[in-house]
Every structure is written in structure tokens, then in C-alpha cells.
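**Student:** Give me a 3D structure for the following:
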Amino acid sequence: MSLVRVLEPEVMDTGEDAQAYDNMDHAAVNTAFCDALLSHDPDLGYALDVGTGTCLLPIQLCRRVPTARIKAIDLSASMLALGRRHVEQAGLAAAIALALVDAKALPESDETFSAVLSNSIVHHIPEPMGVLREMVRVLQPGGLLFVRDLVRPEAEASLAALVDTYAANDTPYQRALFDASLRAALSLEEVREMLRSLQIPPECAQLTSDRHWTLAFRRPPRPA
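**Tutor:** You can find the predicted model right below:
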């Protein structure tokens, strides 16, 4: 029997959670995300990072694309506090604006951003359809929606193997966070079912590693 989704807290808002997350080694995963994103959209323009955490992705992106401007949002004040520190230390305060925002109700007008990106927020949301709908709403015609998240393993043995492989050197607390995130993740078919409801081709979501799915969708341009 496939594993049933087990929700985890939507917001990692304790200082302990935020620091534990920030202390994990995200370098390889973040670089892979940026490589894939920039292969679709090398310029970025004015982008929105949904669920930025401690703002490591926007920092890497702005270093690689100096003309990019990114609004980085999260619902965790503790995460954003660490993120602001990272942005200031990187000297990128002019390029990255951080804000405490609920992704289920974005304050921006329709068609504001040339790119909308998100890494590992979907599994935190009990009903993620609303978040994806908001991401599409604020995306300009012709803009890129790029979302990556964990995929839920099919069996306990597979989940345990992923934790052993990718969190072998982490603390017990960090391993427990990763375990909980895998249990809260969606299956690929669950993701594709949401995309069908949003009139996004389901094949835009693909498995891209042994633990990730990725959605790459370019909103159709306005008719000429």
C-alpha cells in the first residue's frame, strides 16, 4: 500500500526550526535548482520566490544574474530574519526584497512578475491548489512558472533509504524534519491532477530526481 500523505506544520516559525533548516547543506540542491531554472529563463527579470525560507536561492540567482530583481516571500518570521541577514551579508539588499506574505493570498495585482519560482513549499500547504493558482495569477503572459518539491515515496523502506542517503550526516532533529517533509509531500499524480484543474498540461510536471518533481510552465503570451 502506498504511503498516505501526513501533513506537517505549514509554517516553520520557531527559531529552532529555522536555524536547523539553515544549518542543513542546501548547496547542491540549490545549485541544481538554479541551473534548471536558468536553462528555461536566463534573464529572470522581476521574479517572485514563493516560500523563500532563509533566502538562499534568490542570493544565488542574483549573483548569477546581476540584472535580476527578486521579491522573496515567506510566512515564517524566523526564516525571514535569517534571510535578511544573509541578503545583507551578500550585499544584495538592492536586488532582493523580503516580505512576510501568505502565498495563498498574494497582495500583487494580476500579471506582475516575469517569473515565479518556488522550492519546497508545496508539501507544507494542506491544500496547495490555491497557492499554485495564485502563482499563475501574478505571472505575466509569456512568463515562467518554475516549482520544485519533494515527491512522497511509495513505501516506508523507500522513505527510510532517502533519509539515510540524504540526511546521513545531519542531526537527529534535522533527519526528523526531512522524514516529515517526505511524508507531507505529494505524489506526481497528485501534482498532475492539480495542474489539470488549473488548465496546465500535466506533463509539465516531471520527476527530476529520486526525491523531487519539477513543474516548468510558460504562461501563454497574449494573442497578437
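
**Student:** Over to the residue nearest the centre of the chain: give its phi and psi.
**Tutor:** For the chain, the residue nearest the mean C-alpha position is residue 119 (1.7 Å; CA atoms, centre = their mean). Phi and psi for residue 119, reported as degrees, to the nearest 10, are phi -120, psi 110.

**Student:** State the number of residues packed around the closest residue to residue 49 other than its chain neighbours.
**Tutor:** Leaving aside its sequence neighbours, residue 49 sits nearest to residue 72 (CB to CB, 6 or more residues apart in numbering; 4.5 Å). Heads up, the C-betas are built off the backbone N, CA and C, glycines and all. By other CB atoms under 10 Å, 28 other residues sit near residue 72.

**Student:** So what pairs up with residue 72 in the strands?
**Tutor:** Judged by DSSP bridges, the bridge partners of residue 72 are residue 49, residue 98.

**Student:** all helices of this structure, in order?
**Tutor:** For the chain, applying DSSP state H gives helices covering 15-23, 27-40, 56-64, 77-90, 129-137, 156-166, 172-184, 188-197.

**Student:** Distance from the chain centre to the fourth one, please.
**Tutor:** The chain centroid and the centroid of helix 77-90 are separated by 17 Å, computed with CA atoms, centre = their mean, to the nearest Å.

**Student:** Repeat that for the last one.
**Tutor:** The chain centroid and the centroid of helix 188-197 are separated by 17 Å, computed with CA atoms, centre = their mean.

**Student:** which other helices and strands contact it?
**Tutor:** Using 3 or more CB pairs under 8 Å, 6 or more residues apart in numbering; DSSP states H and E, the elements in contact with helix 188-197 are helix 129-137, strand 205-207, strand 212-218.

**Student:** got it, and the fifth one?
**Tutor:** Counting contacts by 3+ CB pairs under 8 Å, 6+ apart, the secondary-structure elements packed against helix 129-137 are strand 46-50, strand 113-119, strand 139-150, helix 188-197.

**Student:** Please name whichever of the helices and strands packed on helix 188-197 is nearest to residue 45.
**Tutor:** Of all those, strand 212-218 sits nearest to residue 45, with 13.2 Å by CB to CB.
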